[in-house]
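Trainee: The following block contains a protein sequence and its predicted model.
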Amino acid sequence: MSIHKQRSRFNVPRSTSNPEPGTWNIERGTWNLEPGTWNPELGTRNGRKSLGLSLIELVVFIVVVSAAVAGVLGALNMATRASADPMIQKQALAIAEAVLEEVQLMPFTYCDPDDPQAETALDSSVGATGCTEAAAVELIGAEGTAPYGPETRVSGTTPFDNGNDYHGYSMSGITNIEGAGITGLGDYKAEVTVAAQAVGAIPASDAQLITVTVTWPAAGTAQYTVLLQGYRVRYAPNALP
Ligand SMILES: [Ca+2]
Ligand SMILES: [Ca+2]
């Protein structure tokens, strides 16, 4: 078989005298080329049929990529549309958390902080080691007797001064602790209850369960409700605001 007439799959003419790639093929009068290098005589690369993509391969590629991109865009579109749906729930939860925090951060004293003995009282009794008078004893709910009350959340003279004062508190349209309405939260309603409740070894006289309920809309039938609960214990009975 003539080597000169045969084209191997690598397009490297073989020579019995000098067969190594990169050497001069004296029989053929050309260089023995490395597979994968450019063969200037044949106009192709040695060892490869073709370097490009066929039209069919290109069309299949475009179809596959188009289908993948369409799927991803569809998922993104759905996520974007659904992201606004839970706005009511998220705002209601944020309101409930804010109100619960406001109540939990209030003092938990034996006597109303307006009582001069509030900083020294050892318990809720009336007398030298307790509160000045019966009306000064801090009870669940807002105090109503002067000079300790009447208490409201934003009163200039007798504001809520213990967490328990919030028991029974309700606001339609959310306001901050200074009574100013918060833009966009006018259609929410928040209600608070506070109850003495033992927590483990801590007696009910020294622990309170706070429940905050936020509903939307503020009037009419509630379409969404968030109920959040938290505990407050009497760890600093003489700390005043
Ligand atoms: Ca009070
Ligand atoms: Ca009270």
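Mentor: That came in fine, so what should we check first? Ligands and ions are numbered 1, 2, ... in the order given.

Trainee: Quick check: residues of the chain near ligand 1?
Mentor: The chain comes close to ligand 1 at residues 112, 143, 161-162, 165, as judged by CB under 5 Å from the ion. Quick note: C-beta positions are derived from backbone N, CA and C, even for glycine.

Trainee: mind checking which helix or strand of this structure has the lowest mean pLDDT?
Mentor: Between all helices and strands in the chain, the lowest mean by mean pLDDT, DSSP states H and E belongs to strand 44-45, at a mean of 60.

Trainee: Let me know the next secondary structure element after the longest helix seen in the chain.
Mentor: When the chain is parsed with DSSP state H, its longest helix is helix 55-82. Where DSSP states H and E defines the elements, the next helix or strand beyond helix 55-82 is helix 87-104.

Trainee: Against which helices or strands is that next one packed?
Mentor: Packed against helix 87-104, as judged by 3 or more CB pairs under 8 Å, 6 or more residues apart in numbering; DSSP states H and E, are the following elements: strand 189-196, strand 207-216, strand 224-233.

Trainee: which one of the ones you listed has the most crowded surroundings?
Mentor: Mean neighbour count, computed with mean count of other CB atoms under 10 Å, is highest for strand 207-216 among these, reaching a mean of 21.

Trainee: Quick one: distance of that one to the chain centre.
Mentor: On the basis of CA atoms, centre = their mean, to the nearest Å, the separation between the geometric centre of strand 207-216 and that of its chain is 22 Å.

Trainee: what mean pLDDT would you report for it?
Mentor: Across strand 207-216, the average pLDDT comes to 96.

Trainee: Can you pull the residues of this structure lying near ligand 2?
Mentor: Among all residues of the chain, those adjacent to ligand 2 (criterion: CB under 5 Å from the ion) are 138, 164-165.

Trainee: Just the ones of the residues you listed in helices?
Mentor: The helices, defined by DSSP H, take in nothing from those.

Trainee: Out of those, flag the one nearest to ligand 1.
Mentor: In terms of CB to the ion, no member of the residues of the chain next to ligand 2 lies closer to ligand 1 than D165, at 4.4 Å.

Trainee: Would you mind listing the residues in contact with the closest one?
Mentor: Applying CB atoms under 8 Å, 6 or more residues apart in numbering, we find D165 in contact with 106, 141-143, 151.

Trainee: that older thread, now render the residues of the chain next to ligand 1 as JSON lines, adding distance to T193, secondary structure and pLDDT.
Mentor: As requested, these are arranged in JSON lines below (distance: CB to CB, whole Å; DSSP: H, G, I helix; E, B strand; the rest coil; pLDDT from 0 to 100):
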{"residue": "D112", "distance to T193": "20", "secondary structure": "coil", "pLDDT": "94"}
{"residue": "E143", "distance to T193": "17", "secondary structure": "coil", "pLDDT": "93"}
{"residue": "D161", "distance to T193": "18", "secondary structure": "coil", "pLDDT": "93"}
{"residue": "N162", "distance to T193": "14", "secondary structure": "coil", "pLDDT": "94"}
{"residue": "D165", "distance to T193": "12", "secondary structure": "helix", "pLDDT": "95"}
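
Trainee: Which among those count as buried?
Mentor: Taking 16 or more other CB atoms under 10 Å as the criterion, what is buried in the residues of the chain next to ligand 1 is 112, 143, 161-162, 165.

Trainee: tell me, what residue is most central in the chain?
Mentor: Nearest to the mean C-alpha position of the chain, counting by CA atoms, centre = their mean, stands K90 at 10.0 Å.

Trainee: What's the separation between A94 and T193?
Mentor: If you measure A94 against T193 using CB to CB, to the nearest Å, the figure is 20 Å.

Trainee: Checking my notes, S205 in a helix, right?
Mentor: Yes - membership of S205 in a helix is supported by DSSP: H, G, I helix; E, B strand; the rest coil.

Trainee: so it touches A196, yeah?
Mentor: Yes - in this structure S205 lies within contact range of A196 using CB atoms under 8 Å: 6.6 Å.
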